[in-house]
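*Asks:* sequence below, structure please.
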Amino acid sequence: MSALPFIQWLESGTAHSARWHSESAAAAPSRVVIIDDQTSADEAYGLACQGIALLWRGDYQNARQMLVALDRRVDRRSPRTKDPDPAKAFHLYRQTRSQRARTLGALLVELNADYVMSLRRAPDVREACREVYGPADGPCVMSLRTLLGLIGAHEWRHKGIEVAAIGGRIHPHYGVFAPIRSEYLELLAAAPLPALTDSLSVAFDIGTGTGVVAALLARRGIRRVIATDLDSRALECARENIARLGLAGQVDVQQRDLFPEGLAILVVCNPPWIPARPSSSIERGIYDPDSHMLHEFLKGLPQHLAAGGEGWLILSDLAEHLGLRTRADLLQAFDKAGLQVLGEHQMRPTHARASDARDPLHQARAAEVTSLWRLGAASASLNS
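*Replies:* Numbers count the residues shown, from 1 in each chain. Next up is the predicted model:
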């Protein structure tokens, strides 16, 4: 944590400072006021709306209640009308969520040099913080929302998520997108493997995240799977999960920008589905500016497919229903990369938000379909 900037504030006439931590890489707030159990939610909300940070003193459980009260005030002031234009509705949704994040992120807590909060009824968060940040390097200040995220991630990391397709559990780490949607895993489990898999049993998993796709490919009998990612948290997470599942002899996790060296009979990629800019580390699993990862994967795929090999692209059409990308755009990207469609397997999502009429994006989510696109090099068909 030594590279973190510092936040400064005045308390009881004395100047204080601590390392400032923000998952969204936001600058340390320039104005900080001390609030406590006696501060009203309306007063705190007014200060937060002015861009003033609120450093909490007092009772930890009351701080959580303050966060809930601030959330209610943000919700009351959020736009209620739904724009009939899907793209405008999406951008309004993003703006609203961004404003909510800024307001709720204004409520801060301080941790000492051993990740201990000096608040009444505060939980022990030392292990949760060390898992993500390593040993403490002096006192630090972060938003209460971030701290709650660390606590939740710590619980998920230890409990894990049961994944039927791999016959085991995946333990997601903080900041690594968790495999909570099952339809894409079911598609991967059911799609027919390329004909030459028995003789050339090598697969690549591009952007492995938790390692769940690599584990599934190994469970399906692929003898060697190379899983790649650039993010250090994802790499640690994937390696731990692969080891827990007893698959370290089949799966090699490598730090790479997309493709490893060599050729594979099967190359799988589940890129972020929405072409928009992420605002935090966890959102990198959802949002991909200008569909950069998608296009780079398609561009490089033909050069990494063995003869008779296939590329499997897992992609939701939610972006199409939001007016952010068309099916014609996607098919044109396949063609431009020198790829042909060998097949498309589809499944509708079953998660709760798909049926929640209160969701601002309900119309698009209700129509969403997740596809597994089986792609091959176009030149291969011409030469056969």
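*Asks:* for stretch 170-188, what is the distance to the chain centroid?
*Replies:* The chain centre lies 10 Å from the centre of stretch 170-188; the measure is C-alpha atoms, centre = their mean, to the nearest Å.
*Asks:* what about that stretch, how long is it end to end?
*Replies:* 16 Å (C-alpha to C-alpha, to the nearest Å).
*Asks:* please apply the same query to stretch 172-191.
*Replies:* 25 Å.
*Asks:* quick one, what contacts Ile35?
*Replies:* Counting by C-beta atoms under 8 Å, 6 or more residues apart in numbering, Ile35 makes contact with 43-44, 47, 54-57, 66. The way it works is simple: take the backbone N, C-alpha and C, and place the C-beta from them, glycine included.
*Asks:* check Ala136 too.
*Replies:* Contacts of Ala136 (C-beta under 8 Å, 6+ apart): 1, 111-115, 129-130.
*Asks:* filter those down to the buried ones.
*Replies:* 111, 115, 129 (16 or more other C-beta atoms under 10 Å).
*Asks:* need the residues that contact the host helix or strand of the last one.
*Replies:* This points to Cys129. Assigned by DSSP states H and E, Cys129 belongs to helix 126-133. Residues outside helix 126-133 that contact it (C-beta under 8 Å, 6+ apart): 1, 21, 111, 114-116, 136, 150-151, 153-154, 157, 173-175, 233.
*Asks:* how does this protein divide into domains?
*Replies:* Following automatic domain parsing, the chain resolves into domains at 6-156, 161-383.
*Asks:* report the rounded mean pLDDT for the longest one.
*Replies:* This points to domain 161-383. Mean pLDDT, computed over domain 161-383, is 91.
*Asks:* list the contacts for the nearest residue to Leu247 once chain neighbours are set aside?
*Replies:* The shortest distance from Leu247 to any non-neighbouring residue, by C-beta to C-beta, 6 or more residues apart in numbering, is to Ala218 (4.8 Å). Ala218 makes contact with 225, 247, 250-251 under the criterion C-beta under 8 Å, 6+ apart.
*Asks:* of those, which is the nearest to Ala276?
*Replies:* Ala276 has its nearest neighbour among the contacts of Ala218 in Val225, at 30.2 Å by C-beta to C-beta.
*Asks:* what's the spacing between the closest one and Val125?
*Replies:* In this structure, Val225 and Val125 are 36 Å apart, going by C-beta to C-beta, to the nearest Å.
*Asks:* just the domains of the chain: most buried one?
*Replies:* domain 161-383 (a mean of 19; mean count of other C-beta atoms under 10 Å).
*Asks:* state the distance from the nearest residue to Gly160 once chain neighbours are set aside to Tyr184.
*Replies:* Nearest residue to Gly160, sequence neighbours excluded (C-beta to C-beta, 6+ apart): Arg169, at 3.5 Å. According to C-beta to C-beta, Arg169 stands 18 Å off from Tyr184.
*Asks:* what's the answer for Leu235, then?
*Replies:* For Leu235, the distance to Tyr184 - C-beta to C-beta - is 21 Å.
*Asks:* ok, Gln346 next?
*Replies:* 11 Å.
*Asks:* overlap in contacts, those two.
*Replies:* 370, 372.
*Asks:* now do the helices in the stretch 201-350 of the chain.
*Replies:* 212-219, 232-244, 292-300, 318-321, 327-336 (DSSP state H, counting those that start in this stretch).
*Asks:* what's the closest of these to Gln255?
*Replies:* Of all the helices of the stretch 201-350 of the chain, it is helix 232-244 that lies closest to Gln255, at 5.6 Å by C-beta to C-beta.
*Asks:* got the angle for that closest one vs helix 126-133?
*Replies:* 110 degrees (axes from the mean of the first three to the mean of the last three C-alpha atoms, to 10 degrees).
*Asks:* so which other helices or strands are in contact with helix 232-244?
*Replies:* Where contact means 3 or more C-beta pairs under 8 Å, 6 or more residues apart in numbering; DSSP states H and E, helix 232-244 is packed against strand 168-170, helix 212-219, strand 224-229, strand 251-255.
*Asks:* if we go to 6 Å?
*Replies:* Counting contacts by 3 or more C-beta pairs under 6 Å, 6 or more residues apart in numbering; DSSP states H and E, helix 232-244 packs against strand 251-255.
*Asks:* in its sheet, which strands sit next to the strand it packs on, and in what direction?
*Replies:* Strand pairing for strand 251-255, determined by DSSP bridges: strand 224-229 (parallel).
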